[in-house]
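Asker: heads up, no residue letters with this:
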């Protein structure tokens, strides 16, 4: 089946530093990648949509200069949290349409803790 | 904008029993897609079942079935013969057009008790 490999699964960083999260589609081409954020005991909220070779589209209230998204190839999309602060601590999940009929695949998520 | 509501934050059911999770949504669109996703403690999102709004027949997948009431904008999930492995967060989700993002409800935490 379709697989999206997301790394790292868990990261702790110091306040003010940057963290890069990668989502790689292993057996299909992901022309579009969706990035969601899930705070503890809450639902998944869409942060941004990235399309291969073009700029990402950010949801209202999401700072594009803080959450940098790069989708340079059909198999790799990255989310970089710049100048991270404790309030950025959350669970980040990527999702891509995988080419099956109505098929979507989720990454396994990244738990980010900013200390 | 589409919204999804799940009115039951938590539910519990005895093993082997049947449980129904509720979901309502708000949209002005006529064609769309509805999903139930399961998120176990591992936090991996797992598709449980999907319904296309243009289909009147309710979707079923083994022990999982839905009651799709389009006019009422209701999309409930029935789990039959509940198993301990069904313990998880369940999210109802809406998608306007295939290829777009999901809009998730707040989730229902289901506990299956031995």
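Answerer: That came in fine, so what should we check first? Quick caveat, the model's predicted, so the values are computed rather than measured. Numbers count the residues shown, from 1 in each chain, chains lettered A, B, ... in the order given.
Asker: any idea how far chain A is from the residue nearest the centre of chain B?
Answerer: Centroid check for chain B by CA atoms, centre = their mean gives residue B:36 as the closest residue, at 3.2 Å. For residue B:36, the distance to chain A (CB to the nearest CB, to the nearest Å) stands at 13 Å. Every C-beta, even on glycine, is put in place using the N, C-alpha and C of the backbone.
Asker: Could you give the separation of the helix or strand harbouring residue B:93 from the chain centroid?
Answerer: According to DSSP states H and E, residue B:93 maps onto strand B:88-95. Taking CA atoms, centre = their mean, to the nearest Å, one finds the center of strand B:88-95 at 5 Å from the center of the full chain.
Asker: same check, this time on stretch B:82-99
Answerer: On CA atoms, centre = their mean, the centre of stretch B:82-99 falls 5 Å from that of its chain.
Asker: For that stretch, what is the spacing between the initial and final residues?
Answerer: Distance across stretch B:82-99, first residue to last, is 32 Å (CA to CA, to the nearest Å).
Asker: State the mean pLDDT of that stretch.
Answerer: The average pLDDT within stretch B:82-99 is 95.
Asker: How about it and chain A, touching?
Answerer: Yes. Using CB under 8 Å from any CB of the partner chain, stretch B:82-99 comes into contact with chain A via B:91, B:98, B:99.
Asker: measure residue B:32 to residue A:63 for me?
Answerer: 30 Å (CB to CB, to the nearest Å).
Asker: oh, I was asking about residue A:9
Answerer: When residue A:9 is compared with residue A:63 (using CB to CB), they lie 24 Å apart.
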